[in-house]
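Visitor: Output the structure for:
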Amino acid sequence: GRYVERAEDTSRIVDVHLSLLLDDPWAPEDVVCASLLSAMGHEPEGPVRRGEVLDALVWDGSTPASVVGSLGAAREQRRRSREVVSSELWESINVTWHEASRPGRRAYPHPFLTWVRERTAAFNGVADGTLSRDEAFHFLVLGRSIERADMIARLAAARALAGTAGPSWVTLLQSCGAYQAFLRSARGAVDERRAAEFLLLDPLFPRSLMSALVVAERCLDDLAVQHGTTERGKAVQAQRVLGMIRSELEFAPPAELLEIGRA
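Guide: Presented below is the predicted three-dimensional model:
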């Protein structure tokens, strides 16, 4: 669950930054690319171009930090757990990985990144429709939620690091599929502060940082119940960590939201 979510979210982050460079010819490519790599855990040395970003974050199959690498890692994890997940789930991730590994994909990065998001959505649909709500399912959703929270924080960090050269909060909402939901929530009052608060704090939108943390906590509750009292100590410790993060986010003044995202 975590690797599939990483592939989807990385494709979203890369795609929105590449689209920014195409739409705005005055945007400094080296600044946008360097801030993106820094937000994703890379330390660029010298000027960075879009080709280097694609190599590091999309095509590099040797690391699970890239899109193709994440799909390969998800396939390997699924192969090791065939006895607890459905054959349809195996077929979904196996076909996705083989298709993503075709050399011809490199020539068309934008259609590829869009395709990855469609395939990961199909994977999540198969998982939701074919898995029993036992501990395997709860661990899958837990991994998905933790990765989603991490990636939303990275989006916020990339926005903060790039400054005026980076994508706006409204653009980030569009990259998360959140723009229409945001418009309904804001009733047409579009501004940067509202957009940031929606992506980080909205309790109803499933891809907000707050929603991801709440779902992760709920998964830990379900796992504690299914394991019984012998394992509850570990669950409580994990819940305490997530609860502290959620509380800090929930009660932070709006001006401090970017600092939390950056941390």
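Visitor: quick check: mean pLDDT across stretch 3-11?
Guide: Stretch 3-11 shows a mean pLDDT of 93.
Visitor: any weak-confidence spans in this structure?
Guide: 23-27, 158, 160-167, 188, 228-235, 254-263 (pLDDT under 70).
Visitor: Which helix in it has the most residues?
Guide: helix 135-162 (DSSP state H).
Visitor: buried residues in that helix?
Guide: 136-149, 151-162 (16 or more other Cβ atoms under 10 Å). C-beta here means a position set from N, CA and C on the backbone, and glycine is covered the same way.
Visitor: That one - contacts with which helices or strands?
Guide: Other elements packing on helix 135-162 under the criterion 3 or more Cβ pairs under 8 Å, 6 or more residues apart in numbering; DSSP states H and E are helix 2-23, helix 29-39, helix 109-130, helix 169-175, helix 192-201, helix 209-227, helix 257-262.
Visitor: could you redo the last one with a cut-off of 7 Å?
Guide: When contacts are defined as 3 or more Cβ pairs under 7 Å, 6 or more residues apart in numbering; DSSP states H and E, helix 135-162 sits against helix 2-23, helix 29-39, helix 169-175, helix 209-227, helix 257-262.
Visitor: How far off centre is the helix or strand hosting residue 93?
Guide: Element membership of residue 93 [criterion: DSSP states H and E] is helix 87-100. Between the mean C-alpha location of helix 87-100 and the chain-wide mean there is a distance of 20 Å, by Cα atoms, centre = their mean, to the nearest Å.
Visitor: which residues sit against that helix?
Guide: 68, 71-72, 74-75, 78, 82, 116, 119, 122-123, 126-127, 130 (Cβ atoms under 7 Å, 6 or more residues apart in numbering).
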